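Peer 1: structure of the sequence below:
(3 chains)
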Amino acid sequence: MAGTLRSRRYEKVKPYLYLLPAFFFLFVFTYYPIFRAVYISFFNWSTDYPVKVFNGIKNYLDVLENKVFWQVIRNTIVYSFSTIFLSMFLGLFLAVQVNKNVRGGGVFKVALFYPMMIPGAAAALIWLWMYVPTYGVLDHLLAGIGLRGLPWLNSTKTALWCIVAVGVWKHVGYYMILFLAGLNNIPGELDDAARVEGAGSWTRFWRVTFPLLSSYTFFIFIINIVDSLQSIDLVYIMTRGKPDNSTNLIVYYIYQQAFRYWNMGVGSTLTSMLTVFLLICVVVIFSTIGRRVYYEA
Amino acid sequence: MGSGTRHNILAYVVLAPVSILMVVPLLLLISTAFKTLPEVMSIEFHWLPETFRLDNFRKAMAVAPFGRYYINTIIVVVMILSVQIITISLAAYAFARLKFRGRDIIFIFFLVQLLIPPQSIVVPNYHTISSLRLLNTKLAIGLVYFASAYGVFLMRQAFKAIPKEMEDSVRIDGGGGFTTIIHVFLPLAKPSLIAFAMVSISYHWNEFFWPLIVTDTKRARLLTVGLALLTQATESSPEWSLTMAATIIVIAPLLLSFIIFQKKFIQSFMHSGLKG
Amino acid sequence: MKKFLILLMLLAVLTYSWGGAKKEEGGTVYLRMYYPVGVAGSLAQLMDGLVEEFNDSQDEVYVESIFAGGYMEAMDKAQTAFLAGNPPEIAVLDAPNLLTLMDIGAIIPLDDFIAEEGGDAFIGNFLEGFMKIARFDGKIWSIPWQRSTPIMYYNKDFYREAGLDPEKPASTWDELAEYAKKLTKTDASGNVERWGVLIPNDYWLTMPLLLQAGGVADNEPGTYIAIDTEEMRDVYRFLHKMAYEMKVTTGVTPWSQSVSDFATGKTAMLYHSTGALTYIRNSTKYDFGTAFLPKYKRQVVIEGGGNFFIFKTDERHQAAAWKMIKWMTQPENTAKWSVGSGYIPVRKEAIDLPEYKAFTEKWPQALVAYNQLIESDVERNMMTHRMQEVYDMLNVLDEKIRGSADLSIMDQALKEAQAEADKILAKWQ
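Peer 2: As a prediction, this is how the structure comes out:
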């Protein structure tokens, strides 16, 4: 009798034991930090105050009043949406071409996808070299068509777009692959039926292929937007946020405040704002399309 | 048939130039790495170096201990993957096969991690690592990744697809969960496992920011951080010929592996939909 | 069985990666020294070589030299390491970081050590121009090591080409603008092939201009900086004119890229640190010279560079750190360092040492910075609390004003920057 009781209790606890290792790390390194960041955000903790001093919501007010903060938010949104839109659009277009079973398709796939296998840090260095005015490669190549002297990373008007370009170069292959997978899941009969009905290739694409891709596309889009909002590798190596904070992105801004100015209070405030924003995104995503993905899985 | 060839030509017209453009940076990388500094620092530009010299590579190895960085990176990547496989297999098994209260809610908790990578919570994680006195260790780099929501998600899917009958033989022999996982689930879920491994390895080999924050010295420095350090000088410009040579040293293994195992890599990412 | 082996392997990997601190063997004190120079350049090898020599010369102290990036990164790392409870025992850091380091209690004053060496007699051996920034509140907090002043590099070949005397470089603001106009070269379609002069957007170069215009940068205790002033406007109007009216320079010029710009002949003149001399020497094919910064209302220049700081650890380590500093700053060693780097020797005796004399005979450009130090007024580099934040903000201001073709934004930008600076330093005002 005692044996069965014990084993029944064990059966109840068993699943939690299996979850424990993963959950432990999840809690300590994802959830606990969020709580901690929120906690510290109410304190003044910097080189002026090496010992924490309670500060109420003053950190939040300071952040919201700071012009640079809003500039950073704007930069981050522009960077993230531009990179993702351009990469996805190009990726989709390229996927459609590759899907036509051209000869040498493998070579094209490799050429388009290999930037994903290079660390962001290395890509940043290569492009930093390319962007050097006058004796960098881009100026040489463009001199051929008479377009010399672009300021590239040295102008507030062009610097962020130069970084977007690197982001697109790096990710376009990835989206191409994802769309290839999506395209392959579309039953060929639908496309054939449309063709039989006399629809041209462009119409077929927009009326048949694209709608079937759309929920898949949307999900990928959202996940990657959120991921891209947190970019920092390129900025850290290529521009450090310059010139005039035009390439300062939110994670770099957090790095600046926390690890350069040792303003841990403000750093935590920014972190808690960022994570709360991300959590809201999660809720929104999962209450709309996430459920479908979850149950499909 | 006619429209087929026409479409193929359009495809070539698009794909060929785009592919060439995509490869230009790589060509530049290789070209610069074999030149001398004065050659590189000149207003004229030639693709081919005057002579192919390995000096830059020799100097790169002398100036920074890339061998050490290689070892560090390999250890970190292997460590992360090993622990991840353990944690995600156990968790996936629980989600896929066991019934318990709060199963769905806890699963959602895991999925949240997909959107909150260590990057955004560097500040508090740094403090945690520092309180544990683990700064500057390879372990610190890996700790934040030991729970992989993506891995749990992927393996749960894979485990669910395995028919229940497969477990029967183990159960009859009296084996419990562990045995089942090791002898039934993992072998049968091998494709997903490999896909996960490839994504995890690429992601962590290429990682930069978190290792940068949490390590300081050669003991725990990774390849990407070592590479970035080469460009941080106080009073001069980066030595581009040297930097490009060092870049090749850092990216060569993963890039070459990719070219050799391209199908497998591409397939792994294809079904990921998500990274890391 | 396989399971067990895998677990064992995993355990081994985990334990190895934990990595304990290097154990101190026997009586040798083990020190970690953070330092900032160009890692790929000869400077890092030079530093490592010197440290190795020190280690070989005696048994009581062993120093591990750790390259920590540029000045910015080195300070970030040292600061963060200290606040995490794991500071390096000794570090070469940009000298103005003194106040920040003091605020967090990271460093110790060196007066006791100096007294043991003979007090004022000992300190008197260091060039006084470099000691100003080491003194605060009646104590001495750092020892000069890699010190410099901004100088002007100029391309003698281009001077000849433009009909200018290569031995008479521009010596006033007016001459600078005038010569730059002659030296700027554009091609047929109007693209600039060569700039007359480049002045990077770094406050360390703006500050001498400000002082030359008769302005003041900060106050002695480092609690206030002057931004919204007439002299600052004077400086920016001049720079703006050169960039947008005369078109002889760029609006935005990155600090590190400008050095290779000069080496490749992209610019005829360059304002930069004497510490860039070695890189330029090794990578340019042009005949070049160095000169004092062109003067304006005053002939004045500022000092800059890195000093040794001893971090607060324990007596044993602190004493060992002092031992190392003493050795490194011996005249022969500072001479060796200067010869390899282009930095100014910090010890007065070093100038007269044969190896330094031989070097300056071959490369007279190296002496210019030293002469400028002796012959001009030398002001202390700017130093305030929360130095990193103030410095970044001043650079952003610089990029903002000089990056815009429209000068009318200057007034607003200066006002805002002043308000920002006051806010940052609010606690100390």
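Peer 1: care to break chain C down by domain?
Peer 2: Domains of chain C are assigned by automatic domain parsing as C:27-148+C:304-379, C:150-302+C:386-428.
Peer 1: quick one: contacts for the residue nearest the centre of chain C?
Peer 2: Nearest to the geometric centre of chain C sits residue C:305, at 3.3 Å (C-alpha atoms, centre = their mean). Residues in contact with residue C:305 (C-beta atoms under 8 Å, 6 or more residues apart in numbering or on different chains) are C:94, C:95, C:144, C:145, C:146, C:147, C:148, C:273, C:275, C:343. To be clear about C-beta, it is placed using only N, CA and C from the backbone, and glycine gets the same treatment.
Peer 1: and for residue C:382?
Peer 2: Contact analysis of residue C:382 by C-beta under 8 Å, 6+ apart lists C:96, C:203, C:207, C:217, C:218, C:225, C:302, C:390, C:391.
Peer 1: do the same with residue B:177
Peer 2: A:14, A:18, B:93.
Peer 1: neighbour-wise, give me the winner out of those residues.
Peer 2: Within these, neighbour counts (other C-beta atoms under 10 Å in any protein chain shown) peak at residue A:18, which reaches 24 neighbours.
Peer 1: the residue lying closest to that residue once chain neighbours are set aside and residue B:180, how far apart?
Peer 2: Closest residue in space to residue A:18, ignoring its immediate chain neighbours: residue B:94 at 3.9 Å, by C-beta to C-beta, 6 or more residues apart in numbering or on different chains. Residue B:94 is 12 Å from residue B:180, where distance means C-beta to C-beta, to the nearest Å.
Peer 1: okay, those two: which has more neighbours?
Peer 2: residue B:94 (27 against 18).
Peer 1: how about the domains of chain C in TSV, adding mean pLDDT?
Peer 2: What follows is the domains of chain C, written out as TSV (pLDDT from 0 to 100):
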stretch	mean pLDDT
domain C:27-148+C:304-379	89
domain C:150-302+C:386-428	92
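Peer 1: need those in TSV (columns: distance to residue A:26).
Peer 2: Listed next are the domains of chain C as TSV, based on distance: least, C-beta to C-beta, whole Å:
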stretch	distance to residue A:26
domain C:27-148+C:304-379	24
domain C:150-302+C:386-428	35
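Peer 1: residues of the stretch 151-297 of chain A that sit close to chain C?
Peer 2: Within the stretch 151-297 of chain A, the positions near chain C by C-beta under 8 Å from any C-beta of the partner chain are A:151, A:153-156, A:242-245, A:256, A:259-263.
Peer 1: so which of those residues are in strands?
Peer 2: With strands taken from DSSP state E, there is no overlap with those.
Peer 1: report the two of the residues you listed separated the most.
Peer 2: A:151 and A:262 (32.9 Å; C-beta to C-beta).
Peer 1: what about the contacts of residue C:305, which are in strands?
Peer 2: C:94, C:144, C:145, C:146, C:147, C:148, C:273.
Peer 1: out of those, which are buried?
Peer 2: C:94, C:144, C:145, C:146, C:147, C:148, C:273 (16 or more other C-beta atoms under 10 Å in any protein chain shown).
Peer 1: low-confidence ranges in the stretch 151-276 of chain B?
Peer 2: Along the stretch 151-276 of chain B, segments meeting pLDDT under 70 span B:174-175, B:233-235, B:271-276.
Peer 1: circling back to that earlier point, nearest to residue B:238 among the ones in strands among the contacts of residue C:305?
Peer 2: When those are compared for distance to residue B:238 (C-beta to C-beta), residue C:273 wins out at 16.3 Å.
Peer 1: who's in contact with that closest one?
Peer 2: Counting by C-beta under 8 Å, 6+ apart, residue C:273 touches B:235, C:148, C:149, C:150, C:151, C:204, C:304, C:305.
Peer 1: which ones among the residues you listed map onto strands?
Peer 2: In strands, defined here by DSSP E, the members of the contacts of residue C:273 are C:148, C:150, C:151, C:304, C:305.
Peer 1: number of residues surrounding the second one?
Peer 2: Residue C:150: 24 surrounding residues under other C-beta under 10 Å.
Peer 1: residue contacts, it?
Peer 2: Taking C-beta under 8 Å, 6+ apart, we find residue C:150 in contact with C:204, C:205, C:208, C:271, C:272, C:273, C:274, C:293, C:301, C:302, C:304.
Peer 1: tell me which of the contacts of residue B:177 has the lowest pLDDT.
Peer 2: Among those, residue A:14 carries the lowest pLDDT, at 80.
Peer 1: correct me, but it touches residue B:98?
Peer 2: Yes - counting by C-beta atoms under 8 Å, residue A:14 touches residue B:98, with 6.9 Å between them.
Peer 1: mind listing the helices for the stretch 1-150 of chain B?
Peer 2: All helices of the stretch 1-150 of chain B, identified by DSSP state H, counting those that start in this stretch, fall at B:2-33, B:37-40, B:55-63, B:66-97, B:103-112, B:122-131, B:138-143, B:149-160.
Peer 1: for residue C:281, which of those is the nearest?
Peer 2: Residue C:281 sits nearest to helix B:37-40 of all the helices of the stretch 1-150 of chain B, at 12.1 Å, using C-beta to C-beta.
Peer 1: which residues does the closest one contact?
Peer 2: With C-beta under 8 Å, 6+ apart as the test, helix B:37-40 has contacts from B:32, B:49, B:50, B:239, B:240, B:241, B:242, C:282, C:283, C:285.
Peer 1: next, the buried residues of it.
Peer 2: For helix B:37-40, by 16+ other C-beta under 10 Å, it's B:37, B:39, B:40.
Peer 1: is stretch C:128-136 in proximity to chain A?
Peer 2: No - using C-beta under 8 Å from any C-beta, stretch C:128-136 stays clear of chain A, with a minimum separation of 15.5 Å.
Peer 1: what is the end-to-end distance of that stretch?
Peer 2: 14 Å (C-alpha to C-alpha, to the nearest Å).
Peer 1: just give me the neighbour total for residue B:13.
Peer 2: When neighbours are defined as other C-beta under 10 Å, residue B:13 has 11 of them.
Peer 1: quickly note the distance from it to residue A:100.
Peer 2: To residue A:100, residue B:13 is 12 Å away according to C-beta to C-beta.
Peer 1: before we move on, what about residue C:294?
Peer 2: Counting by C-beta to C-beta, the separation of residue C:294 from residue A:100 is 65 Å.
Peer 1: okay, and the helix or strand of chain A with the least pLDDT?
Peer 2: helix A:291-296 (a mean of 53; mean pLDDT, DSSP states H and E).
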